[in-house]
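Peer 1: Provided below for reference: sequence and predicted model.
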Amino acid sequence: MAKVVIIGGGWSGCAAAITAKKAGADVVIIERTDLLLGLGNVGGIMRNNGRYTASEEAILLGAGELFEICDKVSRHVGIDFPGHKHANLYDVTKIEPMVREKILEMGIKIMFKTRAVDVDIDNKIISGIVLHNEEIIKGDVFIETTGSTGPMGNCLKYGNGCAMCILRCPTFGPRVSISMKSGVEDILGQRKDGTYGAFSGSCKLNKDSLSEEIVNKLNKKGVVVLPVPIEDINVGKLDKKVCQQYALKEYAQNIVLLDTGHAKLMAPYYPLEKLRKIKGLENAKYEDPYSGGIGNSIRYLSIAPRENTMKVKDIDNLLCAGEKSGFFVGHTEAIVTGSLAGHNAVRMNKGMKLLELPISIGIGDIIAFANEKINTPEGLKTRYTFAGSTYFDRMKELGLYTLDKDSLKKKIKRLDLLNIFEEKLL
């Protein structure tokens, strides 16, 4: 049996583990913290705009497990908020244990509090991952899903310092780029002014610190929009955000709160003294990052050059997914790239042709489009998401965005891809 080793237990790592396991591999996830899902523990937005289409495509391809869990723990279904329609908001306080249970139930091994620091490689073939304790985890195929955030030095150099976010680098150690350790030069994302990286796009407020009126509105409707005092409006801050789908003037002129268990504040950071000037937020307290009044984590500093099959260039048995694989934003984007990488890991081991999803479906198109654009100066400053900005515009122009499940099923079936991720290859 092929052994697939996945470095990183975020959304993309979990998705890769599931499809690799279903294809017949023995799978292990190496996760440096004590939680799966990474930023998924403070995210919560699914199925908004083109993500609805991508979610349904993934389910039809046979990678529905994680979407089904998100749907099951959604606090609000089909809500609208500025620039976004028909969103589901999953409960970030409930999601991780349910995903962990599913992963373990499938017989996938998870190594928590285990940090990868190096690779054992010879002639472009990785034989093992070197851990912080010098143990080596051997494998046949490897998938890097380490993300693009951290270590602390990057948040200091390109941001406002360690924001004490959910990734907890001070406790569990820094992220290490496996592709770089393998001799492949990583790609760094840029902001509009050419500086590197971008701030994470949102924070979490403790709901108990908000007024009873706001909490009731959040619990009932899922979204609350509060006007920002005129003297505090700062449109320029939108350029700093990684989440360009939320870089709309509404997010400079208003405080937008979403109910994901906590109150999700749709801003990279917001000075606490200014936040508390707003009615109902007089006692507001940040839940993540703890330094949300000053800064947030810096992302997009470690992208591996790859093929559209998710194979890392110049390394024979390494694939990548999630933010490690491009300037992708969001859980849906991580899940779909991870699902393809996991399936292709088994194909790679078996010597089969790797699957490249066609550009006639949203998932295949975003993977190919982002890969094409990353080689251009402007592409280094752009982020790609089904939920908005550049890619959602493209998705609509190409007719790839739809809410019609029946038409999607007919298309996937016509392409002979229905349930392809369910196929056991070994």
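Peer 2: That came through fine. Numbering: from 1, shown residues only.

Peer 1: K249 versus the residue in the chain sticking out farthest from the centre, what's the distance?
Peer 2: Largest separation from the mean C-alpha position in the chain: E231, at 34.1 Å (Cα atoms, centre = their mean). From E231 across to K249, the span is 17 Å (Cβ to Cβ, to the nearest Å). C-betas here are computed from N, CA, C, even on glycine.

Peer 1: do L275 as well
Peer 2: 19 Å.

Peer 1: in the helix or strand of the chain with the lowest mean pLDDT, what's buried?
Peer 2: Least confident helix or strand, the chain: helix 250-253 with a mean of 79, by mean pLDDT, DSSP states H and E. By neighbour count on 16 or more other Cβ atoms under 10 Å, the buried set for helix 250-253 is 251-253.

Peer 1: Pull it out as PDB, backbone CA atoms only.
Peer 2: What follows is helix 250-253, C-alpha atoms only, in PDB (Å, rounded to 0.1, in the frame of the first residue of the first chain):
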ATOM      1  CA  GLU A 250     -18.800  49.300   2.500                       C
ATOM      2  CA  TYR A 251     -16.200  47.600   4.600                       C
ATOM      3  CA  ALA A 252     -14.400  51.000   5.200                       C
ATOM      4  CA  GLN A 253     -17.600  52.900   5.900                       C
END
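
Peer 1: Can you name the next helix or strand after that helix?
Peer 2: Note on helix 250-253: by DSSP states H and E, the next helix or strand toward the C-terminus is strand 254-259.

Peer 1: how far does that following strand sit from the chain's center?
Peer 2: Taking Cα atoms, centre = their mean, to the nearest Å, one finds strand 254-259 lying 21 Å from the centre of the chain it belongs to.

Peer 1: Need the three-state assignment for the closest residue to L398 other than its chain neighbours.
Peer 2: Excluding the flanking residues, the one nearest L398 by Cβ to Cβ, 6 or more residues apart in numbering is D365, at 6.9 Å. At D365, secondary structure determined by DSSP: H, G, I helix; E, B strand; the rest coil is helix.

Peer 1: So the residue farthest from the centre of the chain versus K274, what's the distance?
Peer 2: E231 sits 9 Å away from K274 when distances are taken as Cβ to Cβ.

Peer 1: got it, and D259?
Peer 2: From D259 to K274 the distance is 22 Å (Cβ to Cβ).

Peer 1: Please identify which of these two sits among more neighbours.
Peer 2: Neighbour count, other Cβ atoms under 10 Å: between D259 and K274, D259 has more, with 23 against 16.

Peer 1: Show me what the helix or strand that G13 is a member of is packed against.
Peer 2: In this assignment (DSSP H and E), G13 forms part of helix 11-22. Contacts defined by 3 or more Cβ pairs under 8 Å, 6 or more residues apart in numbering; DSSP states H and E place helix 11-22 against strand 3-7, strand 26-30, helix 65-72, helix 95-105, strand 141-144, helix 331-350.
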